[in-house]
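>>> sequence first, then the predicted structure, then my questions.
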Amino acid sequence: MGGCDVLIDPNISFVPEINTTGFTAFSMPSWQLALWASAYLALVLVAVIGNATVMWIILAHRRMRTVTNYFIVNLALADLCMAAFNTAFNFVYASHNIWYFGRAFCYFQNLFPIMAMFASIYSMTAITADRYMAIVHPFQPRLSGPGTQMVIAGIWLVALALASPQCFYSTITVMQGATKCVVAWPGDPGGMTRLLYHLAVIVLIYFLPLGVMFVAYSIIVLTLWRRAVPGHQADGAHLRHLQAKKKIVKTMVLVVVTFAVCWLPYHLYFILGTFQEDIYCHKFIQQVYLALFWLAMSSTMYNPIIYCCLNQRFRSGFRLAFRWCPWVTPTEEDKLELTHTRSLSMRVNRCHTKETLFMAPSDATNGQAGGGQDEVPTEL
């Protein structure tokens, strides 16, 4: 198969370095290229604007600065950067099969996408852990503000370490007149090192965290849906409290499921290509790749839509952010949603081992990540 063209992905370069032309085999009619370009442009615009708005809603409003929301900011930042710095450039590379962007950006393209994917899914995992502690072990110490920052920094440092080998061995090569950005693993004629590395990456940035989140959310769901109401006086408040926490769990489960569905076909495509390299010789594989890559990258634009649809505070924030649009009219309630500092809190009478729910101002706890031990956030 040395003479066939190969669609090379700079993000996860499973593809062997073989002779390619890149000029004719993957050329597309202008109308087809225009359709794909429009689809990718729409994806980038929605993802960048949506995630930037999510970050503004949280960082610009003190009430929104909670542990969970700081991880959402990290998730939004990773998705925004993935859409802005990876999607468009990789689309151009995939649609022409020629690398136009130089050596430095070749290194970047083999480093940052893995980092961003790692940061995205492990931010979701951190949110899952925070929800798990808040719901399953509500009386245990919560993550503090500095602790949250350390976890976020740790996520990016581990992501950098995981992506560094592929970046280090990135190189620019010319194959039959076409410039390629490839990963040249040294001393690996059989491709075993490349195979083990990429299988390890897929496990670490997809299957392992999804498995952990599946187990954790299963326990959370069982805990919430089986929790009895303690006492008659607190029935209404306790039910509202449980309903609010259930909405958070539903929102985050939908975020995780969306990520899993979007990325699964993409990972399966490269796993299949690792064992059956001849699939890259087919003309139709370019269209398959562009469709699977669009689906994977579309995961960066769905989260803001999910937050807006399922969470009142984010919905109010989006109305305020887009109040300049003639069809968007924010209300006074929308402003109060993001500035009013009353929260539902829980205190425990340890002597009588029963819960008492009350409404009280909590400026300090809502203004900092990871408030007090007895604080139980009921909204994102």
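It's in. Computed from a predicted model, the values in this text were never measured in an experiment. Residues are numbered from 1 along each chain as shown.
>>> what's the neighbour count on Q286?
When neighbours are defined as other CB atoms under 10 Å, Q286 has 20 of them. Placement of C-beta: from N, CA and C, glycine included.
>>> in three-state terms, how would it be classified?
When states are read from DSSP: H, G, I helix; E, B strand; the rest coil, the local structure at Q286 comes out as helix.
>>> that one and T125: what is the separation?
Applying CB to CB, to the nearest Å, the value for Q286 to T125 is 34 Å.
>>> and I271, by the same measure?
Here the distance between I271 and T125 works out to 22 Å (CB to CB).
>>> now do T258
Distance from T258 to T125, by CB to CB: 15 Å.
>>> between those two, which has more neighbouring residues?
Each of T258 and T125 has its neighbours counted (other CB under 10 Å); T125 has more, 19 against 16.
>>> that one contacts G211, correct?
No - the pair formed by T125 and G211 falls short of the contact definition of CB atoms under 8 Å, at 10.3 Å.
>>> apart from its chain neighbours, what residue comes closest to C106?
The spatially closest residue to C106, leaving aside those adjacent along the chain, is C181, at 3.8 Å (CB to CB, 6 or more residues apart in numbering).
>>> tell me the SS of the nearest residue to R194 once chain neighbours are set aside?
Closest residue in space to R194, ignoring its immediate chain neighbours: W185 at 4.9 Å, by CB to CB, 6+ apart. Each residue gets one of three states, and W185 gets coil by three-state DSSP.
>>> got the contact list for W185?
Residues near W185 by CB atoms under 8 Å, 6 or more residues apart in numbering: 169, 191, 193-194, 197.
>>> from those, list just the buried residues.
Among these, those scoring as buried are 169, 194, 197 (criterion: 16 or more other CB atoms under 10 Å).
>>> next, the first one: phi, psi?
Comment: the main-chain dihedrals of Y169 come out as phi -100, psi 10, following degrees, to the nearest 10.
>>> wait, it touches V183, no?
Yes - with contact defined as CB under 8 Å, Y169 and V183 form a contacting pair (5.2 Å).
>>> quick one: residues contacting the residue positioned nearest the centre of the chain.
Nearest to the geometric centre of the chain sits S120, at 3.4 Å (CA atoms, centre = their mean). By CB under 8 Å, 6+ apart, the contact list for S120 reads 75, 78-79, 82, 259, 299.
>>> 10 Å instead?
74-79, 81-82, 155, 159, 205, 209, 255, 259, 263, 299-300, 303 (CB atoms under 10 Å, 6 or more residues apart in numbering).
>>> what helix or strand does it sit in?
Following DSSP states H and E, one finds S120 within helix 112-136.
>>> if I look at I58, how far off is L338?
Going from I58 to L338 by CB to CB gives 10 Å.
>>> shared neighbours, those two?
With contacts defined as CB under 10 Å, 6+ apart, the residues shared by I58 and L338 are 64, 313-314, 317.
>>> of the residues you listed, buried ones?
Applying a neighbour-count criterion of 16+ other CB under 10 Å, the buried members of the shared contacts of I58 and L338 are 64, 313-314, 317.
>>> checking V328 next. Helix, strand or coil?
Classification of V328 into helix, strand or coil gives coil, according to three-state DSSP.
>>> show me what contacts it?
318-322.
>>> and which of these is nearest L111?
Using CB to CB, A321 is the member of these that sits closest to L111, with 31.6 Å.
>>> that closest one and L208: what is the separation?
Remark: distance between A321 and L208 (CB to CB) = 35 Å.
>>> more neighbours, the two?
A321 (18 against 15).
>>> sorry, back to before: state the helix or strand in which the residue nearest to C106 lies.
In this assignment (DSSP H and E), C181 forms part of strand 178-183.
>>> what helices and strands are in contact with whatever helix or strand comes next after that strand?
Past strand 178-183, heading to the C-terminal end, the next element that is a helix or strand (DSSP H and E) is helix 192-202. Based on contacts counted as 3 or more CB pairs under 10 Å, 6 or more residues apart in numbering; DSSP states H and E, the elements that helix 192-202 packs against are helix 112-136, helix 145-168, strand 178-183, helix 235-275.
>>> nearest to F101, out of those?
Ranking those by their distance to F101 (criterion: CB to CB) puts strand 178-183 first, at 7.7 Å.
>>> who has more neighbours, I58 and L338?
It is I58, of I58 and L338, that has more neighbours when counted by other CB under 10 Å, with 24 against 18.
>>> helix/strand/coil for the more buried one?
Three-state call for I58 (three-state DSSP): helix.
>>> then the one 10 residues further on?
Assigned with three-state DSSP, T68 falls in the helix class.
>>> before we move on, what about I172?
The three-state label given to I172 by three-state DSSP is strand.
>>> pull the contacting residues for it.
The contact partners of I172, by CB under 10 Å, 6+ apart, come to 99, 101-107, 179-182.
>>> by neighbour count, which of these wins?
Neighbour counts for the contacts of I172 were taken using other CB under 10 Å; the highest belongs to C181, which has 26 neighbours.
>>> hang on, isn't that residue packed against N110?
Yes - the pair C181 / N110 is scored as a contact, 7.4 Å apart, by CB atoms under 10 Å.
>>> ends of stretch 99-119, what's the gap?
Its start and end residues considered, stretch 99-119 measures 26 Å (CA to CA, to the nearest Å).
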